[in-house]
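*Asks:* Dropping a prediction and its sequence here:
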Amino acid sequence: MKIVIDQQIPFIVEAVQKEWKDVDIWPMKSDEIVNSAIRDADVLVIRTRTLVNRQLLEGTKVSLVCTATIGFDHIDTDYCEANKIRWMSCPGCNAKAVCDYIEEALSESSTLHLPTTAHSPLTLGVVGVGHVGSLVAKMAERKGYNVLLNDPPKQIGVSLDEIARKCDIITFHVPLIPNYNLPVYHPTYHLCDEAFLAKCKPGALIINAARGGVVDEMALLRSGHPYIIDTWENEPALNNEVLQHAVLASMHIAGYSVEGKRNASQMCLDAVSNTFGLHKIDISEYRYNVLLDSDLQQNSSESWLAAVTDALKANPTAFEKLRKDYPLRGE
């Protein structure tokens, strides 16, 4: 049995080499995971940088695809299911890390002086109330925000129009669902578009740490609303004008924490063991080199997210390198 894995995914290679002696595991760079390189692989363990479709899978032995991410829009699920290839994602694996990112973003963006009074707390709208959105809502309530929720598929909260009209801050936490596919799901591509932004309160802050494409970035730029972006359309090829006008910007690292990575790796290993009848591996004993928040700030008077923003704005073409070199936040 052979597993091909993106070499950026931690814990799994060491665990498999130690625990599953009859399994070959091949770590590769994401751009090396191509059809000719995986023809004899049984399992792929990938990130969002690998497009899983007919071009990648046709003529291979692959019977299971595991993505160590919450999102799965990089997987052609119709093709997989039509060809009896199992696939799985890791919903909720990094929910706490993304919530922590949003908390840091709210703290750092407080200098925007969004309209409020001593007797009227800011209203924060959470669009998408799954694993991440639920944690964000609870965090915001603890911090004194008035919180409105929107999640039509779960029949939770208020309408998008009400979110737009009433909220000083709007943060998106939905999967990317194209308008042309998966009709059983609620489409989210350009959910935040020109029409939505026109309904928003003047000066409302828009945050996207969900998926690139949930927000129409050019419409956002034209709207004049302040914004914070972690997940981008067409990444890693960023629109530099959109980047430079961001209040805060990062390179798709909101969910980068040791806990989140370990959770995703554990879920992928569990899927492999369940599918192929292998004994369970517990990776809680494995450790990873981390940089704690205090370490992230020790060489700068800025907070860590402001420092990340400065680095990305100074060198937008280094998106992938900055992302690869970004240290996981501590547990």
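*Replies:* Arrived safely, thanks for sending. This structure is a prediction, so every number in the text was calculated from the model and none was measured.
*Asks:* Quick check: which ranges of the protein have low pLDDT?
*Replies:* In the predicted model of the chain, residues 113, 115-119, 179-185, 287-302, 330-331 satisfy pLDDT under 70.
*Asks:* so how many other residues sit close to the closest residue to residue 20 other than its chain neighbours?
*Replies:* Nearest residue to residue 20, sequence neighbours excluded (C-beta to C-beta, 6 or more residues apart in numbering): residue 278, at 5.8 Å. All C-beta atoms are positioned from the backbone trio N, CA, C, and that covers glycine. If you count neighbours by other C-beta atoms under 10 Å, residue 278 ends up with 16.
*Asks:* tell me the contacts of the most centrally placed residue in the chain?
*Replies:* By C-alpha atoms, centre = their mean, the mean C-alpha position of the chain lies nearest to residue 210, the distance being 5.4 Å. For residue 210, the contacting residues are 128, 132, 172, 173, 174, 175, 176, 231, by C-beta atoms under 8 Å, 6 or more residues apart in numbering.
*Asks:* Surely the residue nearest to residue 20 is in a helix?
*Replies:* No: counting by DSSP: H, G, I helix; E, B strand; the rest coil, residue 278 falls outside a helix, being coil.
*Asks:* helices or strands up against the host helix or strand of residue 132?
*Replies:* Secondary structure assigned from DSSP states H and E places residue 132 in helix 131-142. Under the contact criterion of 3 or more C-beta pairs under 8 Å, 6 or more residues apart in numbering; DSSP states H and E, helix 131-142 touches helix 95-108, strand 123-127, strand 146-151.
*Asks:* For residue 43, which of the ones you listed is the nearest?
*Replies:* Nearest to residue 43, of all those, is helix 95-108, at 25.1 Å by C-beta to C-beta.
*Asks:* count of residues packed around the nearest residue to residue 284 once chain neighbours are set aside?
*Replies:* What sits nearest to residue 284 in space, not counting adjacent residues and going by C-beta to C-beta, 6+ apart, is residue 262, at 7.3 Å. Close neighbours of residue 262, defined as other C-beta under 10 Å, add up to 21.
*Asks:* need the contact list for residue 262.
*Replies:* Taking C-beta under 8 Å, 6+ apart, one finds 10, 11, 283, 284, 286, 288 in contact with residue 262.
*Asks:* likewise residue 26?
*Replies:* Per C-beta under 8 Å, 6+ apart, neighbours of residue 26: 2, 3, 4, 5, 41.
*Asks:* buried subset of the contacts of residue 210?
*Replies:* 128, 132, 172, 173, 174, 175, 176, 231 (16 or more other C-beta atoms under 10 Å).
*Asks:* Closest one to residue 72 out of those, please.
*Replies:* residue 175 (7.5 Å).
*Asks:* helix, strand or coil for the nearest residue to that closest one once chain neighbours are set aside?
*Replies:* Computed as C-beta to C-beta, 6+ apart, the closest residue to residue 175 that is not its neighbour in sequence is residue 71, at 5.7 Å. Classification of residue 71 by three-state DSSP places it in coil.
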